[in-house]
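# I need the structure of the sequence given here:
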Amino acid sequence: MKKILIALFASFALITEAQEISVEKSLFSVQTGLMGIWVQHEARLSNTIALRSEVGFDSGFGVVGSNSYYDSKTQTFGSKFVFLMAPVLTVEPRFYYNLKSRNAKLKRIDNNSGNFLSLHTNFHPDWFVISNDKDVFVRSDLSVIPTWGIRRNIGQHFNYEAGGGIGYKYLFSQKGYSASGGVAFNIHLRIGYTF
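Numbering: from 1, shown residues only. Okay, here's the model as predicted:
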């Protein structure tokens, strides 16, 4: 009996060791946050690197101040609250660097649950804008932002992400504005569903 238990334990250890700790081969999800909604796909490039492609809407709001907004109905200058949503395309290689240590501590790594470093690259095209003001437009821009973040699971299909980084944004010349560039931030907190 003792020999049988040792043989079973050795077999289990070999099977466990043979299983590779890796990101998911293919992962589809949808996420939302305070500033938009997005649909993503993550494809495995290696055991620890996934390429995330994303399409969605980034949103924003602000107040157009006094002497900068003209109300044609009352023919006066004033301020107005403006909300907008604009399309965004994102490509983001992600390095999930702590999958082995999470697995060793018996923490979940399914659905790419772990800490990551990424190169968050997104493009806002000037296709259309959803807004409460017909005169609002979004200048096309391209940003590249090194980012640190975490992704964790809530139950079987739900997840949340948080992260941040600082990088560079380039604004294309458009509608009387000349091209310019500067510092860009990526701070996000999202909740999502994995299919």
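
# correct me, but residue 114 touches residue 149?
No - using C-beta atoms under 8 Å, residue 114 makes no contact with residue 149, being 9.8 Å away. For every residue, glycine as well, the C-beta is placed using N, CA and C.

# the two: who's more crowded?
Comparing residue 114 with residue 149 by other C-beta atoms under 10 Å, the one with more neighbours is residue 114, at 25 against 22.

# partner residues bridging that one?
Listed by DSSP bridges, the beta-bridge partners for residue 114 are residue 151.

# ditto for the one 10 residues further on
Listed beta-bridge partners, residue 124: residue 141 (assigned using DSSP bridges).

# give me the neighbour count for it.
For residue 124, the neighbour count with other C-beta under 10 Å is 21.

# residue contacts, it?
For residue 124, the contact set (C-beta atoms under 8 Å, 6 or more residues apart in numbering) comprises 58, 86, 87, 88, 138, 139, 140, 141.

# ok, of these, which one's closest to residue 38?
residue 88 (7.6 Å; C-beta to C-beta).

# I'd say residue 144 and residue 119 touch.
Yes - judged on C-beta under 8 Å, residue 144 makes contact with residue 119 at a distance of 6.6 Å.

# now tell me what touches the helix or strand where residue 148 lies from outside.
According to DSSP states H and E, residue 148 maps onto strand 141-154. The contact list for strand 141-154, computed with C-beta under 8 Å, 6+ apart, reads 92, 108, 110-124, 159-172, 184-186, 188, 191.

# ok, the residue lying closest to residue 39 once chain neighbours are set aside to residue 80 distance?
Among residues not flanking residue 39 along the chain, residue 30 sits closest, at 5.1 Å (C-beta to C-beta, 6 or more residues apart in numbering). For residue 30, the distance to residue 80 (C-beta to C-beta, to the nearest Å) stands at 32 Å.

# what do you get for residue 192?
Residue 192 sits 33 Å away from residue 80, going by C-beta to C-beta.

# now the buried members of the contacts of residue 124.
Buried residues within these, counting neighbours by 16 or more other C-beta atoms under 10 Å: 58, 86, 87, 88, 138, 140, 141.

# what is the burial count for residue 177?
The tally of other residues near residue 177 (other C-beta under 10 Å) stands at 10.

# how close does residue 47 sit to residue 133?
To residue 133, residue 47 is 48 Å away according to C-beta to C-beta.

# wait, I meant residue 174
Distance of residue 174 to residue 133, given as C-beta to C-beta: 18 Å.

# now swap in residue 188 and tell me
25 Å.

# these two: who's more crowded?
Shown here are residue 188 and residue 133; by other C-beta under 10 Å, residue 188 has more neighbours (19 against 14).

# is it true that the more buried one lies in a strand?
Yes - if the criterion is DSSP: H, G, I helix; E, B strand; the rest coil, then residue 188 is within a strand.
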